[in-house]
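Novice: pasting a predicted model and its sequence here:
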Amino acid sequence: MATEQTRTKEAGIFVRPRWQAARAVLGSLVSFARAKPLGFVSALVILGMIVIAIFAPLLAPFDPTEPFVGGPHLAPSSEFWLGTDVNGRDVMSRAFFGARLSMYVGFVAVGLSVGIGTIIGLTTGFFEGKLDLLGQRIIDAVQAFPALILALGIIAVRGPSLNNALLVITIVLIPGTARIVRGAVISIKQNVFIEASRALGASDARIMFRHILPNVTAPIIIQASILLGGAILFEASLSFLGAGASLEEPSWGAMISGRAGTGVDAPSEFRNWPWLVIVPAVAISLAVFSFNLLGDAIRDVLDPRLRGTGGGRLS
């Protein structure tokens, strides 16, 4: 009868039983919670938002786009927990589906921007020379424009939509990741093990993806975790200005601006029906704050220079 701890006959590799692997993961989570309690709480908040985003159709009590499920501007009650808007739509349902939209834009935009920025930073930092010069000048040109002005310019040409907002956020976030990865690659290239790999006949592609890329994973993860909050805030800003999601789609930014209603402006909504502004504003603040705290905690854990020092503020 085979025991839980065995060795493969062919290679003599030690096989860790599943319960030990689960226990190791649980131990890591407990250690992280003790070392970074704010980061752990932020991770739980983000996890809760992701669950709400995924299961929004099941959790939302009403269709977020269906008008007059209740009277207009109903205050929070037992039937409508967060009240209704000017069109009689349930605010809580719209907030749940707004989480789905924000998480979708945040994760997709950050995933694309970090992936593209990593490739640009990896290649330009590794080969340097004219390729690096050309790549950095393009990045300088993108960063020369204020992010919001650049976004509004692109949307003015392509038209407002969720996909165009996603494209704009991706373009705006690429330069920061590319610069961070490039700097890390140039530093790692100076190590002796890179020269040893060259001496053994390793190709440039193998050196980049087998030796350099694994060593820049930590700053990439840190950058991605911090950018998520910025991407959600950027999408809310575009929707607030009417340059993001369409009026039919529930968006936190549009809920604040009043554009999801019938022309009622935000100051009037805040004075007369404060829950219409407070609910999406709290959701945006909570999401951005949680991602920033989690990114700070991940940075402290993954950066050897900050271990045991308590870290520092985001720069």
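Specialist: Looks like it came in fine.

Novice: so where's the stretch 1-150 of the chain uncertain?
Specialist: For the stretch 1-150 of the chain, the stretches flagged by pLDDT under 70 are 1-21, 25.

Novice: what segments of it are helices?
Specialist: Taking DSSP state H, counting those that start in this stretch to define them, one finds helices in the stretch 1-150 of the chain at 18-35, 37-54, 56-59, 91-127, 129-144, 147-158.

Novice: among these, which is the most enclosed?
Specialist: Scoring these by mean neighbour count under mean count of other Cβ atoms under 10 Å gives helix 91-127 as the most buried, with a mean of 22. Where you see a C-beta, it was placed from the backbone N, CA and C, and this is true even at glycine.

Novice: could you check the angle helix 37-54 makes with that one?
Specialist: Note on geometry: by axes from the mean of the first three to the mean of the last three Cα atoms, to 10 degrees, helix 91-127 and helix 37-54 are set 110 degrees apart in direction.

Novice: tell me which element the residue most central in space within the chain is part of?
Specialist: A centroid search over the chain (Cα atoms, centre = their mean) returns residue 228, at 2.1 Å, as the residue closest to the centre. Secondary structure assigned from DSSP states H and E places residue 228 in helix 217-240.

Novice: just the angle between that helix and helix 37-54, please?
Specialist: When the same axes, to 10 degrees is applied, the directions of helix 217-240 and helix 37-54 differ by 50 degrees.

Novice: mean confidence for helix 217-240?
Specialist: The average pLDDT within helix 217-240 is 90.

Novice: from the contact counts, what lies against whichever helix or strand comes after that helix?
Specialist: Later in the chain than helix 217-240, the nearest helix or strand by DSSP H and E is helix 252-257. Here helix 252-257 touches helix 91-127, helix 217-240, helix 275-302, going by 3 or more Cβ pairs under 8 Å, 6 or more residues apart in numbering; DSSP states H and E.

Novice: in the stretch 151-300 of the chain, where is pLDDT below threshold?
Specialist: Using pLDDT under 70, the stretch 151-300 of the chain drops low at 258-270.

Novice: ok so, going back, got the helices of the stretch 1-150 of the chain as CSV, with distance to residue 296 columns?
Specialist: CSV is the format used below for the helices of the stretch 1-150 of the chain (distance: least, Cβ to Cβ, whole Å):
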stretch, distance to residue 296
helix 18-35, 12
helix 37-54, 7
helix 56-59, 28
helix 91-127, 16
helix 129-144, 23
helix 147-158, 22
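
Novice: send me stretch 229-241 as CSV with only the CA atoms.
Specialist: The C-alpha trace of stretch 229-241 is given here as CSV (Å, rounded to 0.1, in the frame of the first residue of the first chain):
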residue,chain,number,x,y,z
GLY,A,229,-6.6,50.6,-8.5
GLY,A,230,-5.5,53.3,-11.0
ALA,A,231,-7.2,51.5,-13.9
ILE,A,232,-10.5,51.3,-12.0
LEU,A,233,-10.3,55.0,-11.1
PHE,A,234,-9.4,55.9,-14.7
GLU,A,235,-12.4,54.0,-16.0
ALA,A,236,-14.7,55.7,-13.5
SER,A,237,-13.3,59.1,-14.5
LEU,A,238,-13.9,58.4,-18.2
SER,A,239,-17.5,57.2,-17.5
PHE,A,240,-18.0,60.3,-15.3
LEU,A,241,-17.1,62.5,-18.3
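
Novice: before we move on, back to that, nearest to residue 208, out of the helices and strands packed on helix 252-257?
Specialist: For residue 208, the closest of the helices and strands packed on helix 252-257 is helix 91-127, at 5.4 Å, according to Cβ to Cβ.

Novice: compute the inter-axis angle for the closest one and helix 275-302.
Specialist: 30 degrees.

Novice: just give me how far helix 91-127 sits from the chain centre.
Specialist: Helix 91-127 sits 5 Å away from the centroid of its parent chain (Cα atoms, centre = their mean, to the nearest Å).

Novice: again with stretch 44-55
Specialist: Remark: stretch 44-55 is offset 13 Å from the chain centroid, using Cα atoms, centre = their mean.
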